[in-house]
Each structure stands twice: as C-alpha cells, then as structure tokens.
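**Q** next comes the sequence, and after it the predicted model I'd like to discuss.
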Amino acid sequence: MKGESILKLVKDIRGDIVGDPELLQKYNLTQDDFFMTWFLIQGRHEYSNMMDQVGVELVEEGNLSNFIPVLDENILTGLDLCIWILRGDLRDAFPLDHVASVYDFKLWRLSTINLEEILLTPQDLELFCPEGKSNNSHLDWIFSQGSGQFSKESLLDNINSHLLSQVELRKLIDSGERLGVLSDFIDTSKLEGYQNIVISELPEIDKGVNVLGYSHNELGIGEDARTVFSSCSLNEESFLFPLRLPGNPVFSQNFNHLKSSPSLPGRINIFTLPMVDFVQQSLVYGGSFLKGRYNIVFAPWEFNSWPESKSFCFNAADEIWTSSDYTTEAYLPFISKDKVQKMRLPVTVDEDCTGDRKRFGLPRGAFLFLYMFDFNSSLKRKNPEVLIKAFLAEFKDDLNCGLVLKFLNFSNDNPDFIKVKNLIDSANNIYCVNETLSSSEVFELIKSVNCYVSPHRAEGFGRTLAESMLLKVPVIATPYSGNCEFCLPETFIPLEYNLQKVEPGEYPLIDDSCNEVFWADVIQSDLQEKMKYVVSTDVKNMVNLAYKNIKENFSIEACSKIISTRLEFIRENLL
C-alpha cells in the first residue's frame, strides 16, 4: 500500500470506527494493509515499548519505498514494512539494502509470525478481522476457546507450530550461520507474560547436560526425553528442561513429580525432538537457547530419505544422534559422517505391572492381540486397516480371540476414524480403548494382552514394540525401518511385505526434493498366518530372547554408558 494512500486513510478513519468492513471495501484493503493502518492509528500506543519516534515519523512522511532501496512487493507485505519502519531495532538488524537482507527480514517475520498480533486484546482482533477468521489459523484458535480470552503463552506455541508449513521458509534459510544470526535476534522475552523461564546467557556448569524435549506430555517423543534424561542422570549432572508442544502447550499433570530446571546451566544441550521441531523451538526461545552450548539433536525420522528442502534444519545443530542405521542413512546426504552418531534410545517399563484386564473392560479368557495408534498421526503409516481386515478374516466369529485397538484423538467426522469404525462395527470381539492413559496404564494394557502386533509401514524407533518385549509379550511386526535395530530375527515374528513408493504429499515433509522414499506394505494373508501361528504355538523362547536383548542393550544403565562415553569425547575434543 503506497504511503499517500496510508495518509489518506489515516485522515479518514477515526479510532472509534476502526474495523468497519465498509472501509475495507471502500479502500480495497488487504488484511495486512488494514492491520498496518491500525498500527498508525492505535497500535503505536499499545505497542509503544517496541516502537521509536524516528520510526513513527518515517511512516508519517508517507513514502515507505524511499527507505527501502531493495523492495520486492512479492516478498514483503504492507504489514512487514510498517513493522520494520516503526522499530529501530529491526531497521538496524535488517537494513534491507540488499536482497539477502530482505529475505532475512522476511524469515524473521515468518519465524515470529503473529507475535505482534498477540499484543492485541481479543476485542481488537475481532475488529481487525471481522470476516476473515477462516484464513487466519491463530484467530481460529483464539475464537475456538469460547471465552474470548487466551494465554499469550499458548497462542505463541500454537502459531509456531505452523512455522515450517510456510512455503517461503525453505527458500530463505541457506546456511547455518544465517539461522544462527536470526536465532540470536529473535528474543521472545520482550513479550510480557510469555517468557516465564529465564535462560542463562551462558552455561554455568562445564560438565552439565541439559535435556530438552516434550518430557511433560504423554507422547512417545516425550518418553524419549524422559528416558534420555534418566540415562544422563546416572553419570552426568543433568537438567531437564520441558518444552511446550506446539498446538498443545498444556503439560500433563502425570509428570508433576519430575524435577525440571528453570534454566540451561549445562554446557551441552541434548534435544530429543524431530528436526523440524528443533528449528521451531530454537526460533521460539531465541539465541540464548543455543548460544555457548554444544547442541545435540536426538532426532527420530520414519523414512529412508530426508527432504532436501528441509536440509537447513541440520545447520543449527552441532551434532545429530539417531537411534538406527536406517535413520542415519536418511540424514547422511545432508550432514557429514562425523556430525551424526548412532546411539540407543533407552526403554523402561514397570515390570511388576499385573496386566489387569478388568481395568480396560477386556474379556478374561480370550487370546488378545493389541495395536496402539493415534489419529493425529499418519494412519496410513501405522496401517491398522490391514490388521483389522486380517483379524476379521481369521477370527471374526471366534470369541476365544480378540483384537484390542488403543487409539487417541479421534472424532466422529474424521475420515480415517469413519473408515476404521465401518470396519469394526460388525465385530463383537474387537475392543476399543480410546482414553488417554498414563505411561504406567499403557504398560498395564500391554501386559494384559497375549500379543502385540505392529503392521506399520515405517517407524522411527517403535517404542511400543520394545516395551512389549520388555514386558514379555510376543511381538508380530513389520521387519522394516527403525525397529530393526532391536527386532532381531530370533526375537519377534516378522511379517512379509512389499515395498511401496511414498508419493510427495502422502506424508508430512515428503515432497519432490526427497530421493526415492519407500515404506512397507504388509501382505494381509501372511499377517493372518502369523496371528494363527502365535495363538497355537509356544513362543516362550523367543519372548525370553527379546526380553534379554532389550534389558541388556536398551536399559537406562546400558544407554547411560554409551551416552557418557560420547559426551566425554565431546568435552575432550569438540568443546
């Protein structure tokens, strides 16, 4: 929007009628333009702690392009320009005097997307966008809360969950140095009420280790953080720093007993996060998150290839840890061999759990199969459909056998849920557990069944398989992807499969920049045969070998030795 038009609009609008839809139509305004005008009329007062008088005067002069020699209107919006001019710190950090600076500033805007908006009251937001709520994910989230009030902390976590969905992002970051500079500049502590945790500027304990992850959420990746922290704590001075899950920032009360650190005093950071989440969290917390520390990312990935378009994710990390050769090979085209280390994810369960079927409403005498999955995850990757079809084909009328499906995050209008529901509606020996369970309750459920089945197409690690083995429950599984690290031929019942190519868009992050990506499509007839086999065969020897393998090689103690050895090498050679 041109400067003279801004001035005309400013003169025409009074603060008491800001947001009038007729004015939007009259001046043919975009939402960015309208928000820019809000800044000039009202926002400068609410936003005064981040504005300076020089910037206000520059905007009031009217011709923004005079101050931006390199201007591409396809990159920067009216809102971008207004925020840049109103803030002296942005003008200093991003002079916009060359193309790279313009892109750097745009990246900053993407990484802090909507941070300015959260300083508005809900009423201001409603005025700002009376008709465009469906086009603004953060507004959808706000209005879905019902009360009209929202937590700045929750909103910031939510909007950052969309950060890497921006197409522009993969065009903007082309080096670790650039990401580091931008991370240093992003300082969310300026947002009153959000930054409750004070991150020390520099580490205080040379031999300290900070473990960062979703440790206070009931997730497999949360269990990664908890078990890695437990392993580190045996031999290292360790500090647990819980991160808030994008889109679901509320911590589970089940983990209130965990002692977490308000800062990052250790000199080494271990992030137990997917690579994309690592970048998101780094941008949320800012440069002090990484500065002065050796940053390790224990990063799961489900496929044999990593997208080149997301290769920048590795640049901000000093070292990547993987849990399998499978994942290592996926990362290696984009990272040097000395920068990636295969480690082991610890596995722990309550071995004393009794497996009470009554707790879950399960039949006492039947042979029960179990599979667990999440409708928020990729159902196609987890592939419960083939298990349901195989079970129904073999055991539909046999009440001596049952299939237990443990799932989360379903809704009656979810197409995947409808598909599953239609498959199981006619069966009276398929049992659904659709509640959120604590870790100890999950162990009770696993222990209560006779066999765990995982016909997955691809897995990053396969924690539930390893937990089943540690609870001495037989496992039938696809012998493909990350679970092969502990699914040895003598420890489980493997399924036959055909490799299928994964097409771009068929799974999050899989795009045209990936080398050929494959996953395993389990053969239903073989699954039926393996289920019949485990019902009729004594597999105690296999179960004991599986238990022994997990207990000896993936325990907290065993993994602690491996982790400590690597950390000591880092201290002696890389710090």
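**A** Arrived safely, thanks for sending. Numbering: from 1, shown residues only.
**Q** so where is this protein shaky, pLDDT-wise?
**A** In the predicted model, the chain carries pLDDT under 70 at residues 1-90, 93, 98-101, 103-203, 246-250, 280, 283-288.
**Q** in stretch 427-447, which residues are buried?
**A** Neighbour-count burial for stretch 427-447 flags 427, 429-433, 437, 439, 441-447 (criterion: 16 or more other C-beta atoms under 10 Å). All C-beta atoms are positioned from the backbone trio N, CA, C, and that covers glycine.
**Q** name the residues of stretch 518-527 that are buried.
**A** 518, 519, 520, 521, 522, 523, 524, 527.
**Q** inside strands: which ones of these?
**A** 518, 519, 520, 521, 522 (DSSP state E).
**Q** which residue ranges of the stretch 451-575 of the chain form strands?
**A** Here the stretch 451-575 of the chain has its strands, by DSSP state E, counting those that start in this stretch, at 451-454, 475-477, 493-494, 497-501, 518-522.
**Q** of those, which is nearest residue 337?
**A** For those, proximity to residue 337 was assessed by C-beta to C-beta; strand 518-522 is nearest, at 23.0 Å.
**Q** mind listing residues that contact that closest one?
**A** By C-beta atoms under 8 Å, 6 or more residues apart in numbering, the residues outside strand 518-522 that reach it are 303-304, 381, 383, 386, 455-458, 478, 480-481, 495-502.
**Q** how close does residue 534 get to residue 491?
**A** According to C-beta to C-beta, to the nearest Å, residue 534 and residue 491 sit 14 Å apart.
**Q** could you do residue 406 as well?
**A** Taking C-beta to C-beta as the measure, residue 406 and residue 491 are separated by 23 Å.
**Q** and what of residue 256?
**A** 36 Å.
**Q** which one's more surrounded, these two?
**A** Neighbours were counted for residue 256 and for residue 491 using other C-beta atoms under 10 Å; residue 491 has more, 21 against 9.
**Q** list the contacts for the residue lying closest to that one once chain neighbours are set aside?
**A** Closest residue to residue 491 apart from its sequence neighbours, by C-beta to C-beta, 6 or more residues apart in numbering: residue 546 at 3.7 Å. Going by C-beta under 8 Å, 6+ apart, residue 546 touches 469, 472, 475, 488, 491, 492.
**Q** of those, select the buried ones using a ChimeraX command.
**A** For the buried members of these, the matching ChimeraX selection, counting by 16+ other C-beta under 10 Å, is:
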select :469,475,491,492
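**Q** export the contacts of residue 546 as a markdown table, with columns for distance to residue 329.
**A** Listed next are the contacts of residue 546 as a markdown table, based on distance: C-beta to C-beta, whole Å:
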| residue | distance to residue 329 |
| --- | --- |
| 469 | 24 |
| 472 | 32 |
| 475 | 24 |
| 488 | 19 |
| 491 | 22 |
| 492 | 22 |
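**Q** can you tell me which of the contacts of residue 546 end up in helices?
**A** Counting by DSSP state H, the part of the contacts of residue 546 found in helices is residue 469.
**Q** most widely separated two among the contacts of residue 546?
**A** Of all pairs in the contacts of residue 546, the most separated under C-beta to C-beta is 472 and 488 at 15.9 Å.
**Q** wouldn't residue 396 be in contact with residue 424 here?
**A** No - Residue 396 is not in contact with residue 424 according to C-beta atoms under 8 Å; the separation is 10.4 Å.
**Q** mind checking which of the two has more residues around it?
**A** Using other C-beta under 10 Å, the more surrounded residue of residue 396 and residue 424 is residue 424, with 18 against 14.
**Q** residues in contact with that one?
**A** Contacts for residue 424 were tallied using C-beta under 8 Å, 6+ apart; they are 388, 405, 430, 432.
**Q** over to residue 524?
**A** 386, 389, 390, 393.
**Q** can you do 10 Å?
**A** 385, 386, 387, 389, 390, 393, 394, 455, 495 (C-beta atoms under 10 Å, 6 or more residues apart in numbering).
**Q** wasn't the fourth one part of a strand?
**A** When you say that, I think you mean residue 389. No - counting by DSSP: H, G, I helix; E, B strand; the rest coil, residue 389 is located in no strand; its state is helix.
**Q** distance of it relative to residue 524?
**A** Counting by C-beta to C-beta, the gap from residue 389 to residue 524 is 6 Å.
**Q** returning to that earlier point: anything in contact with each of residue 534 and residue 491?
**A** 474, 475, 542.
**Q** in JSON lines, list those along with distance to residue 330.
**A** What follows is these, written out as JSON lines (distance: C-beta to C-beta, whole Å):
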{"residue": "474", "distance to residue 330": "30"}
{"residue": "475", "distance to residue 330": "24"}
{"residue": "542", "distance to residue 330": "29"}
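**Q** of those, closest to residue 342?
**A** For the shared contacts of residue 534 and residue 491, the nearest to residue 342 is residue 475 (22.2 Å; C-beta to C-beta).
**Q** hang on, isn't the closest one packed against residue 549?
**A** No - counting by C-beta atoms under 10 Å, residue 549 is not a contact partner of residue 475; they are 11.5 Å apart.
**Q** shared neighbours, these two?
**A** 466, 469, 487, 491, 492.
**Q** nearest spatial neighbour of the last one, skipping sequence neighbours?
**A** Using C-beta to C-beta, 6+ apart and skipping residues adjacent in sequence, the residue nearest residue 492 is residue 475, 4.4 Å away.
**Q** roughly how far apart are residue 387 and residue 560?
**A** Residue 387 is 35 Å from residue 560, by C-beta to C-beta.
**Q** coming back round to it: just list whatever residues bridge to the residue nearest to residue 492.
**A** residue 452 (DSSP bridges).
**Q** ok, back up a step: filter the contacts of strand 518-522 to the buried ones?
**A** Among those, those classed as buried by neighbour count (16+ other C-beta under 10 Å) are 303-304, 381, 383, 386, 455-458, 478, 480-481, 495, 497, 502.
**Q** so which pair among those is furthest apart in space?
**A** 304 and 386 (20.5 Å).
**Q** backbone phi and psi for residue 438, please?
**A** When quoted as degrees, to the nearest 10, the phi and psi of residue 438 stand at phi -70, psi 170.
**Q** any idea how far residue 324 is from it?
**A** For residue 438 relative to residue 324 (C-beta to C-beta), the value is 27 Å.
**Q** so residue 443 is in which element?
**A** Counting by DSSP states H and E, the element that carries residue 443 is helix 439-448.
**Q** not counting its own residues, what contacts that helix?
**A** Applying C-beta under 10 Å, 6+ apart, the contact partners of helix 439-448 are 218, 222-223, 226, 252, 254-255, 348-360, 362, 368, 370, 372, 404, 406, 433, 435-438, 452, 464, 467-473.
**Q** how about 7 Å then?
**A** 223, 349-350, 353-357, 359-360, 362, 370, 406, 433, 437, 452, 467-468, 471, 473 (C-beta atoms under 7 Å, 6 or more residues apart in numbering).
**Q** which element follows the helix or strand where residue 394 lies toward the C-terminus?
**A** If you go by DSSP H and E, residue 394 is part of helix 384-395. Per DSSP H and E, helix 384-395 leads on to strand 401-408 as the next helix or strand towards the C-terminus.
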